[in-house]
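# what follows is a predicted protein model with its sequence.
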Amino acid sequence: MSAIITIDGPGGSGKGTVTCLVAKQLGFRCLDSGALYRILALDSIKNGIALDNADLISKSASSLDVEFFNGKVLLKGEDVTDAIRGEDIGEAASKIAIYSLVRDELLHFQKSFAVAPGLVADGRDMGTQVFPQAELKIYLTASAEERAKRRHKQLIAAGQGGSLRALVKDIQARDQRDIGRETAPLRPAEDSILIDSTGMTIEEVVQKIVNLWHKAP
């Protein structure tokens, strides 16, 4: 049986980076569930599917050809690692994630990642919906302002601009949409451990989770 650690939390809290680093330290597999929604959003846009067409998007999800390989994300063999990280794709992913049909199609795919020796999975409902049996559940968060600053630095490093104030508003709007959706809303699992990463380095967060894992019964 596979050991499982889930790391849930709002967008921009550092879940993806932390998840992969924790997985590397423990020798576990890494699942960036948020990337699946970004990949599906990108695939839908490429195929001209409207983001409010839940039926067509769910059909695309059922035959999604995606692979995670050496830190790269491949969609139908094409490297889309950078393409799915755009702010527009993140916004689109948040919109299609509200559809229960889409989430149901991706659920089986997500569960298939749980193989020995273990898995570290990040997302918004890993501990509440996908892997409720996980031995360690983390809810990783940070203030909207802190998350906006991190995203702003990423955009600048990528040679893009963007208003910090606008990013704060976008993050707050996305939080409300994720929290308020009817299907699998963003919320901490009852048995999760809250980590507020505001003011913490990535290394400090990773080490705290690794220490919690080693202390787990």
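Looks like it arrived, so ask away. Numbering: from 1, shown residues only.

# neighbouring contacts of stretch 41-55?
Contact with stretch 41-55 is made by 56-57, 60, 64, 75, 80, 83-84, 89, 92-93, 95-96, 99, 101-102, as judged by CB atoms under 8 Å, 6 or more residues apart in numbering. The way it works is simple: take the backbone N, C-alpha and C, and place the C-beta from them, glycine included.

# where strands are concerned, which of those count?
L75 (DSSP state E).

# in ChimeraX, how would I select the buried members of the contacts of stretch 41-55?
Typed into ChimeraX, the line below selects the buried ones among the contacts of stretch 41-55, using 16 or more other CB atoms under 10 Å:
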select :57,60,75,80,84,89,92,93,95,96,99,101,102
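
# tell me which of the contacts of stretch 41-55 fall in helices.
Counting by DSSP state H, the part of these found in helices is 56-57, 60, 89, 92-93, 95-96, 101-102.

# got the contact list for the spatially closest residue to L101 that is not a sequence neighbour?
Spatial nearest neighbour of L101, excluding adjacent residues (CB to CB, 6 or more residues apart in numbering): S58 at 3.8 Å. For S58, the contact set (CB under 8 Å, 6+ apart) comprises 99, 101-102, 104-105.

# pretty sure A3 is touching G118, no?
Yes: using CB atoms under 8 Å, A3 is in contact with G118, at 3.6 Å.

# common neighbours of those two, please.
Contacts common to A3 and G118, judged by CB under 8 Å, 6+ apart, are F28.

# D79 bridge partners, please.
Beta-bridge pairing of D79, defined through DSSP bridges, involves L74.

# what about the strands in this protein?
Assigned by DSSP E, the chain shows strands spanning 3-8, 29-32, 66-69, 72-75, 78-79, 118-123, 136-141, 193-196.
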